[in-house]
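Q: pasted the sequence and its predicted model underneath.
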Amino acid sequence: MTSAAEVAAPYGNGASGAPAGRKVRVHHLREMKERGEPWPMLTAYDMYTAELFDEAGIPVLLVGDSASNNVYGYDTSLPVTVDELIPLVRGVTRSVKRALVVADLPFGSYQVSVEQAVATAVRFMKEGRAHAVKLEGGEHFAPHVKAITAAGIPVMAHIGFTPQSEHQLGGYRVQGRDDAFDQVVADAHAVQEAGAFAVVLEMVTAEVAKQITHDLVIPTVGIGAGPDTDAQVLVWQDMMGLRRGKGPRFVKRYADLAGVMTSAAQQFAAEVRGHRFPGPEHTFH
Ligand SMILES: Nc1nc(=O)c2c([nH]1)NC[C@@H]1CN(c3ccc(C(=O)N[C@@H](CCC(=O)O)C(=O)O)cc3)CN21
Ligand SMILES: CC(C)C(=O)C(=O)O
Ligand SMILES: [Mg+2]
């Protein structure tokens, strides 16, 4: 038995929701919702980010298909492949002690059929050693969520603005306004009913996010969904200021890594050019 105090015990610099020093499981996320404790989620695509965010007390790390435009240099989420993502997932899962690692299924790897969805999810679990998978879609993807869950794989759903459908949705646009309100609510209910353990709400109005968060027993994870979701997620290069440019309005910058890294690179360059690096302490005889 774990005591309530143990369950609430913090680790690292933040509360994980899991018992101190133990792995975060999907049921801990639902328990945090029940206790009214919002939890953070960040993307991670490699060893050092995974290690640092895990130790900082981030309970859930997402290896997003956003690696497409944040690691591989494509302009959107669409081009990245399963074969490109699996090695990143493996690097992240190898590097965490406690965090739950969710692998995002990329465009084209689950939409073809329910069978394809299960097969792709199995690859991410077996080859990537992920702890859960995520896919974009609501009502239409409830059968996929159900079949992957039936295979023993926890599924996080993602509704509202779904970047893999940007061409159908008409670009990066807020969802859930006016007539679309009921559709987003119906999608949320459908994925919960199908067995999803959590649902990402991306770029929906705060009003629809609040309603869904109240309706569902599973946690909602907001990105551009206002203050009332059970959890919040951001792409780490956005919130740490590594990615330059304006970016989405829902991002808050907590650091200026682009500035830090540019000046370190410039200083290194200047010292090499000026014969000041390496010094005696860096030199073998
Ligand atoms: N670096 C990065 N951050 C993200 O949040 C992110 C990715 N990449 N890649 C995958 C998706 C795509 N996402 C995006 C990308 C752009 C906007 C954007 O430009 N939004 C504008 C317009 C919103 C509107 O008013 O309709 C904004 O100002 O927020 C939003 C979400 C979220 N995801
Ligand atoms: C923005 C999050 C939710 C995502 O799906 C990704 O990073 O790919
Ligand atoms: Mg994604």
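A: Noted; the coordinates are in hand. Ligands and ions are numbered 1, 2, ... in the order given.
Q: can you give me the strands in the stretch 151-285 of the chain?
A: 155-160, 198-202, 220-223, 231-234 (DSSP state E, counting those that start in this stretch).
Q: just the stretch 1-150 of the chain next, same as before
A: Counting by DSSP E, counting those that start in this stretch, the strands of the stretch 1-150 of the chain are 39-43, 60-63, 100-104, 132-136.
Q: touching ligand 3 at all, the second one?
A: Put plainly, it is strand 60-63. No. Using Cβ under 5 Å from the ion, we find that strand 60-63 stays clear of ligand 3, coming within 7.4 Å at best. Every residue, glycine included, has its C-beta placed from N, CA and C.
Q: now for that strand, which elements pack on it?
A: Applying 3 or more Cβ pairs under 8 Å, 6 or more residues apart in numbering; DSSP states H and E, one finds that strand 60-63 contacts strand 39-43, helix 47-55, helix 82-95, strand 100-104.
Q: surely residue 243 touches residue 70?
A: Yes. Counting by Cβ atoms under 8 Å, residue 243 touches residue 70, with 6.9 Å between them.
Q: looking at these two, which has the bigger crowd around it?
A: residue 70 (20 against 17; other Cβ atoms under 10 Å).
Q: need the longest helix for the protein.
A: helix 257-273 (DSSP state H).
Q: pull the residues that contact that one.
A: Residues from elsewhere that reach helix 257-273 (Cβ atoms under 8 Å, 6 or more residues apart in numbering): 237, 240-244, 276-277.
Q: what comes up buried for it?
A: For helix 257-273, a neighbour-count test (16 or more other Cβ atoms under 10 Å) marks 257-258 as buried.
Q: only the buried subset of the contacts of helix 257-273, as a PyMOL command please.
A: To isolate the buried ones among the contacts of helix 257-273 in PyMOL, judged by 16+ other Cβ under 10 Å, type:
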select buried, resi 237+240+241+242+243
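Q: tabulate the contacts of helix 257-273 (a markdown table), appending pLDDT and distance to residue 187.
A: Output for the contacts of helix 257-273, formatted as a markdown table (pLDDT from 0 to 100; distance: Cβ to Cβ, whole Å):
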| residue | pLDDT | distance to residue 187 |
| --- | --- | --- |
| 237 | 98 | 28 |
| 240 | 97 | 31 |
| 241 | 97 | 33 |
| 242 | 97 | 32 |
| 243 | 91 | 29 |
| 244 | 84 | 34 |
| 276 | 98 | 59 |
| 277 | 98 | 55 |
